[in-house]
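K.L.:
Fold the stuff below for me.
(chains A and B)
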Number of protein chains: 2
Amino acid sequence: MLNRVRSAVAHLVSSGGTPSQRPKSPDLPNVTSAPPAATETPKNPPARPGSEIGTRLKTAETRANFSRPTFLQLSPGGLRRADDHTGRAVQSPPDTGRRLPWSTGYAEVINAGKSRHNEDQACCEVVYVERQRGVTGASREPTRNQGLCFHYWGLFDGHAGGGAAEMASRLLHRHIREQLKDLVEILQDPLPPPLCLPSTPGTPGFSDPSHLVSPQSCWSPQKEVTHESLVVGAIENAFQLMDEQMARERRGHQVEGGCCALVVVYLLGKMYVANAGDSRAIIIRNGAIIPMSREFTPETERQRLQLLGFLKPELLGSEFTHLEFPRRVQPKELGQRMLYRDQNMTGWAYKKIELEDLRFPLICGEGKKARVMATIGVTRGLGDHNLKVCSSTLPIKPFLSCFPEVRVYDLTQYEHCPDDVLVLGTDGLWDVTSDCEVAATVDRVLSAYEPNDPSRYTALAQALVLGARGIPRDRGWRLPNNKLGSGDDISVFVIPLGGPGSYS
Amino acid sequence: MLNRVRSAVAHLVSSGGTPSQRPKSPDLPNVTSAPPAATETPKNPPARPGSEIGTRLKTAETRANFSRPTFLQLSPGGLRRADDHTGRAVQSPPDTGRRLPWSTGYAEVINAGKSRHNEDQACCEVVYVERQRGVTGASREPTRNQGLCFHYWGLFDGHAGGGAAEMASRLLHRHIREQLKDLVEILQDPLPPPLCLPSTPGTPGFSDPSHLVSPQSCWSPQKEVTHESLVVGAIENAFQLMDEQMARERRGHQVEGGCCALVVVYLLGKMYVANAGDSRAIIIRNGAIIPMSREFTPETERQRLQLLGFLKPELLGSEFTHLEFPRRVQPKELGQRMLYRDQNMTGWAYKKIELEDLRFPLICGEGKKARVMATIGVTRGLGDHNLKVCSSTLPIKPFLSCFPEVRVYDLTQYEHCPDDVLVLGTDGLWDVTSDCEVAATVDRVLSAYEPNDPSRYTALAQALVLGARGIPRDRGWRLPNNKLGSGDDISVFVIPLGGPGSYS
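P.N.:
This is a model prediction of the structure:
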């Protein structure tokens, strides 16, 4: 993530001088985990969903070296080449050996020098969720006892260090698995989810559905909750628990920095695309573009952030104002009227400048340069628990949300051809490539391969990464139109929508 | 607004008994204003935009009778017929006499008995905004000194009394005019709006644009603010000032209750559609439907409300919880796990029921029965400053927003034919009529009239109101499909998009 965490310029609040560069975060030892077997069941189910996972996953060890996704199968020499900012060789899983599930294509490239290592991370897994027996207090269909599988893809774009992205790439799908455990039985049952479950799995008392109907339901009828919304809730809570785990373990394991997270869960015919940050997912179906995520930045989340600053002014200290101005207000403008926006407004109006308006605005800058508290350019993601305004103890984390927006795509609703794909990319791709350009590349590359050639999706991912990186020319990485290519880390997944097993 | 403010059932929180009916608000004397001439200029411009309007508009007098829009030109006998819940005669401006601007069509009908009078109000005006001289501190184009006109349509759907709706129908466009006064010169100038204005109109010092550029703009470049966003900001602030005026004057003039507000401002080629509440605006263009508003209800604003309750728990007292459950939690379910949604979630998950979860949920019910604090079914609008949870001193107003969402439609971007219209309706229309049904009625009615017959838009408004009201049959007002028609007040504007003067 290029320059997503900027040097904080808190001293400008008082001095109005030029910004100083915040020292770049050192590349810290990253955390890896040696998690328990995927099917392990906690002996005492947690009072709060997933609250125990932290302990179970805390068996992490500290490493000094940086890492790349294991599915790249990089040798020590390959790892060094992947870490070379000068050559910026595009990395993909080897043609030989086991393919990624669904013949998923993947490619990545390191940045042009903005951080010591590649701070993007990726994960692609098939995850088995064992059924938690007796969750509903009664065997709603006693013959079934199998678990569920979900397919999982994740892109994590780190900032201010690679620790958070690496931790998330190793653990987030396990949190999702834990959240789904209780739901296996419920998701396999065509009946609507029960509103209430006994406190301890296996405890009887709720086999009779009449127990679930309140006498008050006559005046306040119960809402119908779908299976789909349970999966969405499971993913949302998994993000929160992952973030909480980072908070708990950040000191012991030096998990510094934060990361954007874009993950896809395929479960029971549906794709759940969860995004927290400024990565992006789009589907190209029959040449048409279907957006599957939106970006969370100081500009798109302006009103949420301003409202928070308005309701909790203590979060702004005495340094910041929640009001937005088109530029920094100057002391000599006191008493004059300047354009402003409050948290309830989408338009602009003039207000008389008062002393408080001379504070630094909570949100400043535009586009890729927009910042919260002059520091961070992305407003959702995992980690960042230590992030503070420079020269201040003011924490920025309260303004950041770890919750993703989840969009659901029902694969069973359409007949997909081999050229229909879901493309996931970090902002390194999207900063220099439009949705339409991606769609054109999809068409160009896939039509050059046989429809049943499983290597076409990797070739497409590589073409997308190369197209965003450019080639070294005129003291920079340049695109064919001579504009600058992306100097950021770039990572891309291409997921064919033909369904599990169709092309593998 | 049918049953939009419900009997509060706070005692259920403690007793779990059946709900009692809150006594219906008596129909209070309404406020009218005798405003100053439209072109009057305040001698001392307000420190805060519009803060002085309250005083200037406070010359209101108290009336004991209910009223209907003046453009209906109702005689005393006509007023009585319009107030008849049994006959429910559809009211429109008379065919003779002056037409509404743009040959706008209008029709309304009173409710079937849910409140003593029709609590909807409407306004249609052409408003002249005099130019405030020297606002920018320099005559940017000295030869110009004319003001601006805007066309204005407003629908106000009152609840718990007609006072707020009537006050808004008489004053909101004046607040908009006041907000626009400072902008006349700026809106007429093709240059981008100045970021900063002198505190007192006419004060020199800002004629030189270089004064407007901060030396800090090198690190924080100034944002470009469009003319359009200034108009949006003016409308937003006008809504807030209208709401503040209601708060100030509610005791003196007994402006009780609240109202939804849906207004359209046509200015310099653009339609600004501002909505706060559950009325709706759609454009029918060449048979296609273009939504121009969205509804603000406990369901659509769930996350905003829950976040507020989470951040400011004192607003919930000890009676309410910000968490959402599919139905009321019962004491015997303590310790069990129930489905819930927190403010960050769109999906559902299970949580262990604790003592606090037995409180009444901040939001309960579904669809038209959804309520905030068991009381009100609409979450944006004007007024409601006295609204409290029944048997409690807990105010509901902090959860309500007076800010509209403003959508802009550029009339100059399209060639409009005489059958292209903007339809505004209170929820009495939309509760029983879909967008598609409205589009079909537009087609059916307008094709029965000559394109240049200006009475066709009134005929269309009447047809829409009649179609939503139905006819009396089987102990109720019924639609042709025998479903119940709307028993609510129904008000409809039909605005032809041919532009000002095209059909008048």
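K.L.:
the helices in chain A, which residues?
P.N.:
A:10-15, A:53-57, A:76-82, A:163-181, A:184-187, A:227-253, A:302-311, A:427-430, A:435-446, A:456-469 (DSSP state H).
K.L.:
can these go into TSV with extra columns for distance to chain B, mean neighbour count and mean pLDDT?
P.N.:
Every residue, glycine included, has its C-beta placed from N, CA and C. Shown next, in TSV, are the helices of chain A (distance: least, CB to the nearest CB, whole Å; neighbours: other CB atoms under 10 Å in any protein chain shown; pLDDT from 0 to 100):
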stretch	distance to chain B	mean neighbour count	mean pLDDT
helix A:10-15	8	17	33
helix A:53-57	14	18	41
helix A:76-82	35	13	94
helix A:163-181	7	27	96
helix A:184-187	9	20	94
helix A:227-253	3	22	94
helix A:302-311	5	20	96
helix A:427-430	21	26	98
helix A:435-446	22	18	98
helix A:456-469	25	24	97
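K.L.:
out of these, which comes closest to A:P291?
P.N.:
Checking these against A:P291 by CB to CB gives helix A:435-446 as the closest, at 7.3 Å.
K.L.:
what does that closest one rub up against?
P.N.:
Here helix A:435-446 makes contact (CB atoms under 8 Å, 6 or more residues apart in numbering or on different chains) with A:282, A:284, A:287-289, A:291, A:418-419, A:421, A:423, A:425, A:429, A:456, A:459-460, A:463-464, A:467.
K.L.:
what does the stretch 401-504 of chain A put close to chain B?
P.N.:
Proximity of the stretch 401-504 of chain A to chain B, by CB under 8 Å from any CB of the partner chain, involves residues A:S401, A:F403, A:E405, A:V406.
K.L.:
quick one: which of those residues is most hemmed in?
P.N.:
Scoring those on neighbours with other CB atoms under 10 Å in any protein chain shown, the highest-scoring entry is A:V406 at 25 neighbours.
K.L.:
bridging residues for that one?
P.N.:
Per DSSP bridges, the residues bridged to A:V406 are A:A274.
K.L.:
which residues does it contact?
P.N.:
A:V232, A:I235, A:E236, A:Y272, A:V273, A:A274, A:N275, B:T346, B:G347.
K.L.:
out of those, what pair is the most spread apart?
P.N.:
Across the contacts of A:V406, the longest distance by CB to CB is 14.4 Å; it joins A:N275 and B:G347.
K.L.:
between the two, which one's more packed in?
P.N.:
A:N275 (26 against 20).
K.L.:
Can you give me the neighbour number for the residue nearest to the more buried one when sequence neighbours are not counted?
P.N.:
Once flanking residues are discounted, A:N275 sits nearest to A:S293: 3.8 Å by CB to CB, 6 or more residues apart in numbering or on different chains. Residues lying near A:S293 (other CB under 10 Å) number 22.
K.L.:
any idea how far A:S293 lies from chain B?
P.N.:
Shown here: A:S293 relative to chain B, a distance of 14 Å by CB to the nearest CB, to the nearest Å.
K.L.:
what residues are up against that residue?
P.N.:
Contacts for A:S293 (CB under 8 Å, 6+ apart) come out as A:L262, A:V273, A:N275, A:S279, A:R280, A:A281, A:I282, A:E405, A:R407.
K.L.:
Nearest residue to the middle of chain A?
P.N.:
Central residue of chain A (CA atoms, centre = their mean): A:A261, 1.4 Å from the mean position.
K.L.:
where's that residue relative to chain B, distance?
P.N.:
Counting by CB to the nearest CB - A:A261 and chain B are separated by 15 Å.
K.L.:
so what pLDDT did that residue get?
P.N.:
If you check A:A261, the pLDDT there is 98.
K.L.:
Likewise for A:F403?
P.N.:
98.
K.L.:
With A:R473 instead?
P.N.:
A:R473 is given a pLDDT of 90.
K.L.:
Which residue, other than its chain neighbours, is closest to A:E301?
P.N.:
A:T379 (4.4 Å).
K.L.:
from what I can see the one you found touches A:M373, true?
P.N.:
No: assessed by CB atoms under 8 Å, A:T379 is found out of contact with A:M373, at 11.0 Å.
K.L.:
shared neighbours, the two?
P.N.:
Shared contacts of A:T379 and A:M373 (CB under 8 Å, 6+ apart): A:F399.
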